[in-house]
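**Student:** 3D, please:
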Amino acid sequence: MLLTIDCFVLDPRYGENCWVVRAGEEAPAAVIDPGGDPLPLLASGFDVAAILVTHADVDHIGGVAELAERTGAEVWMPALEAGVLRRGVTRGGGRVRPHEPEHEVRGGDAVTAAGLTFEVVDVPGHSAGHVAYSVDGRLFSGDLLFDGSVGRVDLDGGDWQALLESVTALVERFGPDTTVYPGHGPTTTLGRELGSNPFLRDLRAAAQ
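**Tutor:** Down below sits the predicted model:
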């Protein structure tokens, strides 16, 4: 499938990537992690049909409520972190507009929305309930894995060993050529990160 994927940074304080995924230029959009003011996204004229969230940190859910209210799009939220969106208080005391997600997801679920089917994968480590979304050879990794780095694990629910195990599971499941669309920074591939990411040296050593 020839996907159309656009990136918006909706809050420059955090530099978080909000991904807009469509089955084609004229197709409705699934929006992943709208972390700030959604006005630039709305001004682009996308037909927003779904909102998918990888985890409940403030920079990933800051615009969920407004985007959902203004478009009528339903929200898919990791089950273990759905309460954060309902309360509107995130890790570290960050505050967002509360919203009731229509769907709670767990690893193994399939989300069919905007004419696409996303596979949900549990990837704890950065946070306890973190998930990734896979569609047509693309992996939306949230804050698990970046180009040359990984998500922080020093906040509540962070777990370094769990993060390494999540990365290992992704490589084994999807293969090294899988393109990663992270929550911050440029795209990369699972193989590139396994081969050169300084934070994954223990995984490389174990694979030798």
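**Student:** which residues does the residue lying closest to residue 32 once chain neighbours are set aside form a beta bridge with?
**Tutor:** In this structure, residue 32 finds its nearest non-sequential neighbour in residue 19, 4.3 Å apart by CB to CB, 6 or more residues apart in numbering. Yep, even glycine has a C-beta here, placed from its N, CA and C like the rest. Partner residues in beta bridges with residue 19: residue 7, residue 32, with DSSP bridges as the criterion.
**Student:** list the contacts for residue 19?
**Tutor:** Shown in contact with residue 19 (CB atoms under 8 Å, 6 or more residues apart in numbering): 5, 6, 7, 31, 32, 33, 140, 181.
**Student:** quick one, grab the pLDDT at the third one.
**Tutor:** Turning to residue 7, the model gives it a pLDDT of 98.
**Student:** let the chain start at 818 from now.
**Tutor:** Taking 818 as the first residue, the last one we looked at is residue 824.
**Student:** just the pLDDT for residue 909.
**Tutor:** Residue 909 carries a pLDDT value of 84.
**Student:** stretch 894-906: end-to-end distance?
**Tutor:** Between the opening and closing residues of stretch 894-906 there is a gap of 15 Å (CA to CA, to the nearest Å).
**Student:** equivalent analysis for stretch 997-1009, please.
**Tutor:** Across its full length, stretch 997-1009 reaches 10 Å between end residues, using CA to CA.
**Student:** and it, how far out from the chain middle?
**Tutor:** Using CA atoms, centre = their mean, to the nearest Å, the mean C-alpha position of stretch 997-1009 is found 11 Å from that of the whole chain.
**Student:** where exactly do the strands run in the protein?
**Tutor:** Secondary structure of the chain, counting by DSSP state E: strands at 821-826, 834-839, 846-849, 865-869, 891-895, 920-922, 927-930, 933-939, 948-952, 955-959, 962-963, 966-967, 996-999, 1005-1006.
**Student:** sheet partners, orientation included, of the fifth one?
**Tutor:** Strand 891-895 has the following strand partners under DSSP bridges: strand 865-869 (parallel), strand 920-922 (parallel).
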